[in-house]
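S.K.: Generate coordinates for the sequence data below:
(one chain, ligands or ions: 1)
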Amino acid sequence: MARNGVEQHSLLSILSLILLAGAILWIELEAAPWLFKALASLLLAAALLLFWRAIKRFKFSRSLDSRVAHWQASAGQGSAVLVDVKGQVLAVNGDFARLCGIHPDALKQKTIDISLLLTVPHAWAELRQRCLIGKSWHGALEIGKKRLDLTAYPVIGIEESSAPLMALEISEFMLSSNEDLPSLVMSRVPLGIMVLHGRRVTRVNEGFCFLLAKTRTQVENSLISDVFGVGSSFEQALSEALMPLLTNAKVTSATALQRSDGKSIWCELVFSCLDPNKPQAGLLVTLSDASESRKREEILRQAAVVFEAASDAILVLDAEKRIRMTNKAFTRISGYEPNDVLGKPPKLLFSNKQPAELYDHIFNQIEQENVWQGEIWSRRRDGAIYPQWATISAVRNEQNEVIEYVFMASDITERKRAEERLNYQANYDGLTQLPNRTLFVDRLGQAMARAKREGTTLALLFIDLDRFKNVNDSMGHSAGDKLLINVANTLNGCIRESDTIARFGGDEFAMILSPIYGAKNAGTVAQTVLKVLSRPFNIDGYDCIVGGSIGISIFPGDGETSEELIRNADAAMYRAKDSGRNTYEFFTAEMQQMAMARLGLERDLRFAIERQEFILHFQPQMSLATNQVVGLEVLVRWESGTRGLVSPAEFIGLAEENGQILALGDWVLKRACQQYVEWFNEGIAPGYIAVNVSGRQFRSAKFTSRLREILTETKMPARGLEIELTESFLMEDQEAVMRTLNELREMGVTLSVDDFGTGYSSLSYLKRFPISTLKIDKSFVQDVPGDDEDVAIVSAIIRMAHALKLDVVAEGVETAEQQQFLHKQGCQIVQGFLFSRPLNADECGKFLRKRLEESSSSSQIA
Ligand SMILES: Nc1nc2c(ncn2[C@@H]2O[C@H](COP(=O)(O)O[C@H]3[C@@H](O)[C@H](n4cnc5c(=O)[nH]c(N)nc54)O[C@@H]3COP(=O)(O)O)[C@@H](O)[C@H]2O)c(=O)[nH]1
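M.R.: Numbering: from 1, shown residues only. Modelled structure (predicted):
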């Protein structure tokens, strides 16, 4: 270009000389003929024209030169060419010549139609059009087999009229990189590969597309911001890698990348230059999915956190069972610092409270089953021994060889204490600290097994205190508790080391004498026990004499199971009580039969309730003043298919013991109310029906609400119902009894005290409780007026009842003498065989009707 400028400059000088010569000639020929003058003018005009054109061309050439020079000065790195709008090359750099495979000299004075290079259809027209309107153009082009990245932009002239020029910058050939990365490798390699030129993605492999769920066409030739998003984490990683790449062959980083399907993957990126000598020549980026390894790392990190933060002590042992790692909890629990134990076997942590073989046993089991779990006693650094719950597991490699053991252990000192407490509570009586029934049964089972094995004999003594209730009721529960503790200590003194004494609850105790050499010896022990029990116990300054009754069963002989032995000793104890108390009885075959009978009765009773085999009988209560039926006592009967009509005396006690009384009592109440309402509607009902309610039924939480339901359901008038409760029951838990009695009174139901005189006949409860009637027990009535004592008792009860404004019913009246006596004493109401036996509903209905008829006819006669 410079040469061209010099040539134009010389041409301009020649033209200037011609023009000067023409002007001189024209002046010299002023006087010459017009023909010469005309020729001279013509020559001058031509010279002027040429001069003007030369000036113009010179100016243009100067402007072009300056633009080319300016472009050359500012042209960026890489291949570049400056062309005019026709594609004529105005300037090139050396890289461009190399790109075209043409020596730079070959371009001298030559013109190359750049559009020939642009094999992509319309590319030339597009970029030319963009440059003509002052915009740039980017695109990927191919030259033969080569691919290149081209950026074209307009080069503005100094004058507006200047013809537009276009600078084309062509990035380095990728030919060499293509050859370095054979397509096969590119496509097979399980990595994402991406080639970047500037901020443009020029090539990617299948791995890349797979990784980011993109298609090649979505990615190739797109800007990074289009592929990864504006301001993406990739862009950030790239910009962070650029500086280090100037000095490092490769730079790695990792970041989360967004896939086209919206998922995010964690990628490891490796940036390297395509040509290490020319960082600007493009970058190769490999991407690998590190999500899994990151997850694993995360898990490992979490595991490490768990390891350290675990509340359990954790030790990692190597295959030789030497401690390799410990966590903080281990140090906290054991007191050992890691350095105290690292490299040592965990045996040093074991205490000798357990058998020495345990250590080998543990690892033998792990060898077989991979894991061992159990309690071990460990020793802290300060020597203290403590229990641990340990889990030791083996970690094996793919060859199934143990590579390490993980030993996890928690300090269970507290848990053990709590367990011991619970165990104690479950097996010992809280008041006397003696074994309870549960532990007793367990020990009895063991003693029976031992006796069987060794061919020895054992005895079971069932002890019931005779007058404990008196103390409890008269001196209060606290005194009763003290008495029981004293009794327990005393009984403890009567047995040997090998024997067991237990409290079964209430005032019941039991002993296992094991072994016992002959039943006689059991009798001797029973005598000793009775002797110590008959001595006074000093409670709160008072001497309390209780005494006891003992039943004895012997094994083998009196039962095959512990329950049988206990039941039989219990039966013998009842026999002892029946035979006058403060004595002992051995279990006998006869008792065996009774026990069997009781079992059978219990079974049949259960079915009787299901089959509704019960009926009600009614026994009239007569007014001695009017000779009228004033009420009816309701008495249940069991019409058994196999046993006939069974008296309640035979089954009520049993039903109370096993809880069947709840269902039975409910039925009795409802049926009695229904019957009363029937008679009431017929106009023959007396003033009330008196229903016997057992203590267990009365104590039930639902008793009053259920009674309310029954009254409503049957439409029974509450005032027509009297509840009969035994005197002894009223003495138990007086506050609770009081609450229920008050509820009954509010409902309008009255209360009668049954069997009065047989219990403690305390005046205080008669005053406190809302009682309306006292029933004198038939045992007092049967011997009046002959027996002075009974006469005194009966008259006293009647007087007391009058004083307290209570009605009195005398039951069991069988003779006219008894009736007269009672009448004389002022007893108003009587009940007994003298007037009527208990009658079934039909008979009772007839009885009521007859009595009414009789009384109406006698009143008519009168
Ligand atoms: N909880 C419930 N207890 C009930 C119920 N039904 C009855 N019983 C109680 O069973 C015991 C035995 O009753 P029973 O065999 O019916 O005997 C009663 C009468 O038949 C009997 N009696 C009546 N008059 C005479 C007589 O002149 N002589 C004589 N020897 N016996 C007679 O007395 C029993 C009534 O006693 P009491 O209840 O004390 O008034 C008995 O304790 C019943 O209470 C029930 O449904 N629930």
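
S.K.: from here on, contacts and neighbour counts on C-alpha atoms
M.R.: Noted.

S.K.: Let me know the pLDDT of the closest residue to the ligand within the stretch 151-300 of the chain.
M.R.: Minimum separation of the stretch 151-300 of the chain from the ligand (Cα to the nearest ligand atom) falls at residue 299, amounting to 70.7 Å. On the pLDDT scale, residue 299 is placed at 85.

S.K.: ok, now residue 136?
M.R.: In this model, residue 136 carries a pLDDT of 76.

S.K.: Number of residues surrounding the closest residue to it other than its chain neighbours?
M.R.: Residue nearest to residue 136 in three dimensions, not counting chain neighbours: residue 153, with 4.3 Å by Cα to Cα, 6 or more residues apart in numbering. The tally of other residues near residue 153 (other Cα atoms under 10 Å) stands at 21.

S.K.: residues contacting residue 153?
M.R.: When contacts are counted by Cα atoms under 8 Å, 6 or more residues apart in numbering, residue 153 is found next to 131, 134-137, 166-168.

S.K.: By average pLDDT, which secondary structure element in this structure comes out worst?
M.R.: The helix or strand with the lowest mean pLDDT-type score in the chain, counting by mean pLDDT, DSSP states H and E, is helix 175-180 (a mean of 41).

S.K.: Now name the helix or strand holding the residue nearest to residue 136.
M.R.: Remark: residue 153 resides in strand 146-155, with elements defined by DSSP states H and E.

S.K.: ditto for residue 775
M.R.: Using DSSP H and E, the element containing residue 775 is strand 773-776.

S.K.: Restricting the selection to alpha carbons, write that strand to CSV.
M.R.: Backbone C-alpha positions of strand 773-776 (Å, rounded to 0.1, in the frame of the first residue of the first chain) are rendered in CSV as follows:
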residue,chain,number,x,y,z
THR,A,773,-83.1,-49.4,106.9
LEU,A,774,-81.2,-51.8,109.1
LYS,A,775,-81.7,-55.5,108.5
ILE,A,776,-81.1,-57.7,111.6
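
S.K.: Quick one: distance of that strand to the chain centre.
M.R.: What separates the centre of strand 773-776 from the centre of its chain is 60 Å, taken as Cα atoms, centre = their mean, to the nearest Å.

S.K.: Next, see if the next helix or strand after it gets close to the ligand.
M.R.: Next helix or strand after strand 773-776 toward the C-terminus (DSSP H and E): helix 778-781. No. No part of helix 778-781 sits near the ligand under the criterion Cα under 6 Å from any ligand atom; the closest distance found is 7.0 Å.

S.K.: returning to what we had before: filter the contacts of residue 153 to the buried ones?
M.R.: Applying 16 or more other Cα atoms under 10 Å to the contacts of residue 153, the neighbour count classes 131, 136-137, 166-168 as buried.

S.K.: re earlier: next, count neighbours for the residue of the stretch 151-300 of the chain closest to the ligand.
M.R.: Using other Cα under 10 Å, residue 299 has 13 other residues around it.

S.K.: Could you look up the SS state of it?
M.R.: Following DSSP: H, G, I helix; E, B strand; the rest coil, we place residue 299 in the helix state.

S.K.: With residue 549 instead?
M.R.: Residue 549 - assigned by three-state DSSP - is strand.

S.K.: ok so residue 195 is a helix residue?
M.R.: No. Checked against three-state DSSP, residue 195 lies outside a helix; its state is strand.

S.K.: just to revisit the earlier point, heading C-terminal from the strand holding residue 153, find the next helix or strand.
M.R.: strand 165-170.

S.K.: which helices and strands sit right next to that next one?
M.R.: Using 3 or more Cα pairs under 8 Å, 6 or more residues apart in numbering; DSSP states H and E as the contact criterion, the neighbours of strand 165-170 among helices and strands are strand 79-84, strand 146-155.

S.K.: quick check: angle from that strand to strand 79-84?
M.R.: Inter-element angle recorded for strand 165-170 and strand 79-84: 160 degrees (by axes from the mean of the first three to the mean of the last three Cα atoms, to 10 degrees).

S.K.: pull the CA atoms of strand 165-170 into CSV?
M.R.: The C-alpha coordinates for strand 165-170 follow below in CSV (Å, rounded to 0.1, in the frame of the first residue of the first chain):
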residue,chain,number,x,y,z
LEU,A,165,-14.9,-1.3,4.4
MET,A,166,-15.4,-4.5,6.4
ALA,A,167,-13.0,-6.1,8.7
LEU,A,168,-13.2,-9.9,8.9
GLU,A,169,-11.6,-11.5,11.9
ILE,A,170,-11.3,-15.2,11.6
